[in-house]
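> Give me the fold of what follows.
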Amino acid sequence: MADQKSKLIQLISNMEEEPAVSLAKEMLDSGYNPLTLLAHCREAMEIVGKRYEKGEYFLPELMLAGEMLSAIGNMAKPLINTGEGPGQGKTAGTVLMGTVHGDLHDIGKNIVTFMLDINGFSVVDIGIDVPVDTFIDNIKEHNPQVIALSGFLTLAFDSMKETVEAIEAAGLRQGRKIMIGGGQVDESIRLHTGADAFGLNAMDAVNLCKGWLPA
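Just a heads-up that it's a prediction; the model follows:
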């Protein structure tokens, strides 16, 4: 299993799309835990992100990595056993989710969106590279109780801060919670952005929302 994990991370981070997707399918077909597999994908994306920031990878590599991981995610997500069917009992509240401007990563966001959805939350996913004004417009339109800002690259942290400040300036912070997530977020980044909390993975995000919006 450890060998498979290392090989999968290496294939993804080295942009070997077909072998990576094939290995992921083989692992899932053999009963590999889909959430664990998606966690390996996050590890691979951390490597990709660091290579991008060092100038070793560029936008085409980021896009290829996103396509690769979306394909793997589409195989893994239907296998996640929650005991509840998607779309049942959507009474927990609304979460507005988006990757902040300047960042094109969506695998983490997509996993969080999926896990929130199957845990009874209505999720409005507004995509990647989302401008501040788009967040503001969607908050006004959908009136979410929770706003989730996603970003993988370190440059996204200033975008998160800018977005939080804009929400406050627009008078839309009151009565809402803001959480951030991404490959390198921690308490210092939360303080920098002004968010209410950060999550390291999809279940952190779900637990935060459950704590803020108890059924």
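> next one: the lowest-mean-pLDDT helix or strand in the chain to chain centre, how far?
Every helix and strand of the chain was ranked by mean pLDDT, DSSP states H and E. The lowest is helix 107-118, at a mean of 80. Between the centre of helix 107-118 and the centre of its chain there are 7 Å (Cα atoms, centre = their mean, to the nearest Å).
> Now tell me what touches that helix from outside.
38, 41-42, 45, 66, 69-70, 73, 77, 80, 82, 84-87, 95, 97-99, 123, 125, 128, 148, 150, 152, 181-183, 199, 202-203, 205-206, 209 (Cβ atoms under 8 Å, 6 or more residues apart in numbering). Using the backbone N, CA and C atoms, a C-beta is placed for each residue, glycine as well.
> next one: stretch 207-215
Residues contacting stretch 207-215 (Cβ under 8 Å, 6+ apart): 91-93, 95, 116, 119-121, 145-146, 177, 179, 197, 199.
> and with 7 Å instead?
The contact list for stretch 207-215 (Cβ atoms under 7 Å, 6 or more residues apart in numbering) reads 91-93, 95, 116, 121, 145-146, 177, 179, 197, 199.
> Show me what the longest helix anywhere in the chain is packed against.
In the chain, taking DSSP state H as the definition, the longest helix is helix 34-53. Here helix 34-53 touches helix 2-13, helix 17-29, helix 59-76, helix 107-118, going by 3 or more Cβ pairs under 7 Å, 6 or more residues apart in numbering; DSSP states H and E.
> highest average neighbour count across those helices?
With neighbours taken as mean count of other Cβ atoms under 10 Å, the helices and strands packed on helix 34-53 reach their highest mean count in helix 107-118, at a mean of 23.
> List the neighbouring strands of the helix or strand just after that one plus their orientation.
Using DSSP states H and E, the helix or strand that follows helix 107-118 towards the C-terminus is strand 122-125. Strand 122-125 has these partner strands in its sheet, going by DSSP bridges: strand 94-99 (parallel).
> now the strand it pairs with: how far from the chain's centre is it?
Worked out by Cα atoms, centre = their mean, strand 94-99 lies 10 Å from the chain centre.
> which residues touch it?
So strand 94-99 is contacted by 105-106, 109, 112-113, 116, 121-130, 135, 138-139, 142-151, 209 (Cβ under 7 Å, 6+ apart).
> Need the buried ones from the residues you listed selected in ChimeraX.
Applying 16 or more other Cβ atoms under 10 Å to the contacts of strand 94-99, the buried members can be selected in ChimeraX as follows:
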select :105,106,109,112,113,116,121,122,123,124,125,126,128,129,130,135,138,139,144,145,146,147,148,149,150,151,209
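> Let me see the domain layout of the chain.
2-79, 94-212 (automatic domain parsing).
> From start to finish, how long is the first one in a straight line?
The separation between the terminal residues of domain 2-79, taken as Cα to Cα, to the nearest Å, is 21 Å.
> what is the rounded mean pLDDT of it?
Averaging pLDDT along domain 2-79 yields 89.
> Could you check the angle the least confident helix or strand of the chain makes with helix 59-76?
30 degrees (axes from the mean of the first three to the mean of the last three Cα atoms, to 10 degrees).
> now the angle between helix 34-53 and helix 107-118, please.
If you take the same axes, to 10 degrees, helix 107-118 sits at 150 degrees to helix 34-53.
> could the helices and strands packed on helix 34-53 go into CSV alongside distance to Ala169?
Compiled in CSV, the helices and strands packed on helix 34-53 are given as follows (distance: least, Cβ to Cβ, whole Å):
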stretch, distance to Ala169
helix 2-13, 39
helix 17-29, 42
helix 59-76, 31
helix 107-118, 24
